[in-house]
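> Sequence below, structure please.
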Amino acid sequence: MVTLAASLSYIVAGLSLHPQANYEGRNPPLAKSTISKTLDDVNMNPDRPILERFGTWANGVVHGDLGKTIDGSPVNDEVGRRIGVSTRLLLLATLIGSAGGVAMGALGAVKQYKLFDRVTTVGSFFVLAMPTFVLGLFLKISSINFLGAGTIHFTGETDPEFAGRWDFAALANRAEHMLLPGLTLILIQVALYSRYQRSTMLDVLGSDFLRTARAKGLRRRTALVKHGLRTAVLPVVPLLVFNIVLLFVGATFTEKTFGWHGMGEMLVNSITRNDVNSTAAGALFTAVLVLIAGLLSELAYAALDPRVRVR
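Below you'll find the model as predicted:
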């Protein structure tokens, strides 16, 4: 499936994108032969048959080479750098956001129609109704108005003087830059997952097995956590895993808003720049993530529900 998805993505990108547009309209104009030679060097010349270009690209992929960008730099280097950026931004935020969403949704179900449930419900719908870039801008403006301009640095992954450094001061600066974009992602995920988890938890609260657990002498909290939450989280596991993994290419608005140059930004930029190889690399990366998410989802489901384990 990964091979099919990547192949179709390359062919669609190769047929629909127009790399020669990057060289047109220049003053003085470039010779057609120069443009053709430049595009040949990066395997994006539309004068060559699409299957020939695909064969060259596929042969490179098999040997670990994703080709060259429209600027002539290796796609491997670009992807490797951006995966690191996305990982640093998303890993902690997704873990906190998913765990927080599950906890808040379960607690909201237990306290149905009470103050906590009503406040979190209204807050979740408010966050979900707000576009990601608007939420990010709201946090940026709020930090400036309430804490003062420059109190929190939030543009880019780090300040220029700390680029390439990993000492304590550089790590502290990176954590400061991660605060607002990480909070943006956490708020969105908590709002989303809490709605699903609240619904599934409400279905479990009135179940026979939970009443049986209470009748056997288990405390209410123990029964809710050990039996209720474990069962209620099962339907949410696929959503959690797929959203967490695919967020590596889906956090485009957050990356754009805060100037983080990750995989989501790369995928959008490659399309707007008519960069066929980078677009195909982004599609290949997404296909691999889907495969990984499916595997992790099955493993997580089996870990939570022993009935589906294969013996």
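> where in the chain is pLDDT low?
305-311 (pLDDT under 70).
> Nearest to the spatial middle of it, which residue is it?
Closest to where the C-alpha atoms of the chain average out (CA atoms, centre = their mean) is residue 247, at 1.4 Å.
> pretty sure that residue is touching residue 90, no?
Yes - using CB atoms under 8 Å, residue 247 is in contact with residue 90, at 5.6 Å. Any C-beta I mention is one placed from the backbone N, CA and C, and that applies to glycine too.
> What values do phi and psi take at residue 114?
phi -90, psi 180 (degrees, to the nearest 10).
> Counting by contacts, list what the longest helix seen in the chain packs against.
When the chain is parsed with DSSP state H, its longest helix is helix 168-205. In terms of contacts (3 or more CB pairs under 8 Å, 6 or more residues apart in numbering; DSSP states H and E), helix 168-205 is packed against helix 75-110, helix 115-129, helix 132-147, helix 230-232, helix 237-250, helix 252-258.
> ok, residue 184 - contacts?
Shown in contact with residue 184 (CB atoms under 8 Å, 6 or more residues apart in numbering): 132, 135, 136, 139, 254, 257, 258.
> Go through the helices and strands packed on helix 168-205 and name the closest to residue 31.
For residue 31, the closest of those is helix 75-110, at 26.5 Å, according to CB to CB.
> okay, the angle between the closest one and helix 168-205?
With axes from the mean of the first three to the mean of the last three CA atoms, to 10 degrees as the basis, helix 75-110 and helix 168-205 are set at 40 degrees to each other.
> heads up, I number from 5, so please use that
Let's use 5 as the start, then, which means that last one is helix 79-114.
> ok, back up a step: ok and the longest helix of the chain relative to helix 241-254, angle-wise?
Using the same axes, to 10 degrees, one finds that helix 172-209 and helix 241-254 are set 150 degrees apart in direction.
> List the buried residues of helix 172-209.
The neighbour-count check on helix 172-209 (16 or more other CB atoms under 10 Å) flags 174, 177-178, 181-182, 184-202, 204-206, 208 as buried.
> Can you verify my assumption that residue 182 contacts residue 91?
No - in this structure, residue 182 is not within contact of residue 91 by CB under 8 Å, at 11.7 Å.
> what sits in contact with each of these two?
Here residue 182 and residue 91 share no contacting residue, scored by CB under 8 Å, 6+ apart.
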